[in-house]
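J.: Quick one, fold the following:
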Amino acid sequence: MSAHPLAGDFSVEASAQRVRHYRYAEERLMRTLGGWIALTPELPVKLLFGRHVWDCAQHADLWGRRLPELRSPAQQSEPANERFVRFMDLLDAREGRGESPQRVVGVYRVLKPHLVATYERHLAAANPLYEPPTRRILERCIAEERRHVAAGAAVLERLLRDDDSRARAATWERRLYEALAEAGGVTGESPTPPLAVDVAGVDPADDLVALDSVFDAGVIATDLRAEVDAHARALVEDDLPALAGQIAESARVTVLATYEDLGPAGRCDVVAQARVGAHRFVGARRSAPSPRRSVPEGARRQPR
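T.: Numbering: from 1, shown residues only. Alright, predicted model coming up:
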């Protein structure tokens, strides 16, 4: 802190240190989001990460370019302490299948709200006369991080559809906040790190893509669509002879065994199509399989 009445709450050295802490958080988050994109199957979440990884990169660059103006080497990142590094490691570690809700919770309910609150406190303390460059960066980061939080909340609402998933999300949120508190927040100075969660009036529409998207199966060529529909119908009707005739001979035994274990599908919807050279790939989603009905051994249908 500076004792000079015109210098504001932060000396040049203290400001540079905080900027390095901010850059560390934004740079780590940029790398985390970038790594998660390939691991995340839900399209709205994948696209959310893809959009925000760019903003995080921009924030890190802005803070890095501010450093020479504070008599510090450019583009340097510095965590407040090892405990904040452990917090980021904990947040980053949710790479397992089905952990998209935990990823969104960590970023959009904990880290980004904390950055908003920290940036807002810094902005309130930054001297308007001597620190306009810092204030401009803070204002941009605050606006964009608040929009990110609002977008994350909209996506998370669609991910947490039952009491069990909401309970797991709340447990993970508490664990992350405890780790953040142990670190003293992004600056290492606050035993109760502030969170900004009020995003009333923030419009996240530009950050949300395919939030309620439904694949248009009409784009599939007519001949292929007929084959796909026949296969989906056979899955729903548990028609193993029909399925056998639609499966390549080299894979028939393995695929039929899998279908035999799953039993009839409650529903089968086409959700994606891709073309690679002369090949076309179609993705279908089954509903939760119904319990396999008991069929006397002698009456079991045999594949053709």
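J.: mind checking the SS state of Q273?
T.: Of the three states, Q273 takes strand under DSSP: H, G, I helix; E, B strand; the rest coil.
J.: helices or strands next to the helix or strand harbouring E26 in the packing?
T.: Using DSSP states H and E, E26 sits within helix 12-37. Contact partners of helix 12-37 among helices and strands, from 3 or more Cβ pairs under 8 Å, 6 or more residues apart in numbering; DSSP states H and E: helix 43-66, helix 82-92, helix 112-125, helix 132-159. In short, each C-beta sits where N, CA and C put it, glycine included.
J.: Buried residues in stretch 39-57, which are they?
T.: 40, 44-49, 51-53, 55-57 (16 or more other Cβ atoms under 10 Å).
J.: For the spatially closest residue to G34 that is not a sequence neighbour, list the residues it contacts.
T.: Spatial nearest neighbour of G34, chain neighbours left out: V53 (5.0 Å); criterion: Cβ to Cβ, 6 or more residues apart in numbering. Neighbouring residues of V53 by Cβ atoms under 8 Å, 6 or more residues apart in numbering: M30, L33, G34, I37.
J.: Could you export those as TSV, including distance to V107 and neighbour count?
T.: Listed next are those as TSV, based on distance: Cβ to Cβ, whole Å; neighbours: other Cβ atoms under 10 Å:
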residue	distance to V107	neighbour count
M30	11	20
L33	7	23
G34	12	15
I37	13	14
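J.: L138: which of these is nearest?
T.: M30 (18.2 Å; Cβ to Cβ).
J.: For R267, give its distance to V282.
T.: 16 Å (Cβ to Cβ, to the nearest Å).
J.: can you check G35 too?
T.: For G35 relative to V282 (Cβ to Cβ), the value is 29 Å.
J.: ok, the two, which is more surrounded?
T.: A direct count of neighbours by other Cβ atoms under 10 Å for G35 and V282 places V282 higher, at 18 against 13.
J.: That one touches H231, doesn't it?
T.: No - V282 is beyond contact range of H231, at 9.0 Å (criterion: Cβ atoms under 8 Å).
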